[in-house]
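Colleague: Structure for the following, please:
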Amino acid sequence: MNRLAINISEYDPYYKRYIEKLPEDRSLLNHFEIGKREVMEFFLSIPEDKLQYRYAPNKWNCKEIYQHLIDTERIFMHRCFRIARRDTTPLAGFDQNIYINPSGANQKTTHKLMTEFMINRNHSISLLESLTNEDLKYIGNANGGPMSARAAAFVIPGHNIWHIDIIKERYL
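Modeller: Next up is the predicted model:
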């Protein structure tokens with residue numbers, strides 16, 4: 001299943017900007033597998049002196065963005081899992097900004113962030129491999145609106161691309 005299989009009614013229109021970043025010719029699982037390598041290679045390529053650079057006050061630096069990608073994947077895969085398991089409990093939104101300081105991203109080495117990302121991504125891949133297409137089509141409620149399990153999953157690699165593009169444009 002590629003991103004074209006998803007109907008706009010399966011997610012809040014806000015997430016369209018992430019889903020549309022994804023190449024149309026890859027399956028959901030391929031986005032996660034190929035994206036793992038691409039994200040790791042990208043963050044390894046950032047010069048050490050740019051890792052804590054902020055292009056403006058109160059903006060995240062590259063380490064904080066990397067941590068944000070990890071945390072967001074955790075949250076969206078949790079949504080994917082619960083929705084795929086037919087959990088009808090409305091799932092709360094989250095304030096991404098309050099996650100950064102307690103994450104300790106700036107005290108982590110690039111290697112530590114990479115390890116954390118890789119472990120988390122492998123967990124996500126394992127979960128996706130265990131779900132059927134029918135599981136992924138199930139629609140629940142996240143952040144006050146409809147969201148299918150597959151939309152929650154497709155947001156993740158698109159969100160990664162979104163932030164990598166921003167880093168390339170504003171940080172490097």
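
Colleague: Quick one: the helices in this protein, in order.
Modeller: Secondary structure of the chain (DSSP state H): helices at 16-19, 28-45, 62-84, 96-103, 110-130, 133-137, 149-170.

Colleague: Tabulate the ones you listed in a markdown table, adding columns for mean neighbour count, mean pLDDT and distance to Pro90.
Modeller: Using the backbone N, CA and C atoms, a C-beta is placed for each residue, glycine as well. As requested, these are exported to a markdown table (neighbours: other Cβ atoms under 10 Å; pLDDT from 0 to 100; distance: least, Cβ to Cβ, whole Å):
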| stretch | mean neighbour count | mean pLDDT | distance to Pro90 |
| --- | --- | --- | --- |
| helix 16-19 | 17 | 97 | 21 |
| helix 28-45 | 17 | 97 | 24 |
| helix 62-84 | 22 | 98 | 10 |
| helix 96-103 | 13 | 96 | 19 |
| helix 110-130 | 16 | 98 | 21 |
| helix 133-137 | 16 | 97 | 19 |
| helix 149-170 | 21 | 98 | 14 |
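
Colleague: Just the pLDDT at the residue sitting furthest away from the middle of the chain, thanks.
Modeller: Outermost residue of the chain with respect to the C-alpha centroid, by Cα atoms, centre = their mean, is Asp49; its distance is 25.1 Å. Note on Asp49: pLDDT of 94.

Colleague: I'd like to know which of the helices of the chain is closest to Asn143.
Modeller: Of all the helices of the chain, helix 62-84 sits nearest to Asn143, with 8.7 Å by Cβ to Cβ.

Colleague: picking that back up, please name whichever of the helices of the chain is nearest to Ala56.
Modeller: It's helix 149-170; of the helices of the chain, that one is closest to Ala56 (Cβ to Cβ) at 8.4 Å.
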